[in-house]
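[1] please work out how this folds:
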Amino acid sequence: MKKVLATSGSVFNTLCCGIFGHYYAVTKKVTSHINEYECIHCKKQVTTDVTGNLSELTPELEDINNTLQKVYKKKHQHTAPQHAA
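    Below you'll find the predicted structure:
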């Protein structure tokens, strides 16, 4: 028998996710292609992996996403053009 209870969320919400599936909402945009999601019912957290599929958000993946977001933001910063005097 599959264990349905999660560490957070109510038993009813977790049961609904077990029957109907999760309802994910974006919680963090890491890059233009990678996001972090959280189920609005049971609070399960997932992220987009390198193949484009959803994977459970582990502390290691969270660190990778944070580093990737910093690099992505630094690369895509737009600075005002410098005018020659």
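
[2] so what's the most centrally placed residue in the chain up against?
    Nearest residue to the geometric centre of the chain (CA atoms, centre = their mean): residue 36, 0.9 Å. Residue 36 is in contact with 26-28, 30, 45-47, 57, 62, 65, counting by CB atoms under 8 Å, 6 or more residues apart in numbering. (Each C-beta comes from the backbone N, C-alpha and C, glycine too.)

[3] which two among these are spaced furthest apart?
    26 and 62 (15.2 Å; CB to CB).

[4] and those two? which has more neighbours close in?
    residue 62 (15 against 9; other CB atoms under 10 Å).

[5] the more buried one belongs to a helix, doesn't it?
    Yes - Residue 62: assigned to a helix according to DSSP: H, G, I helix; E, B strand; the rest coil.

[6] sorry, back to before: among the contacts of residue 36, name the ones in helices.
    Using DSSP state H, the subset of the contacts of residue 36 located in helices is 62, 65.
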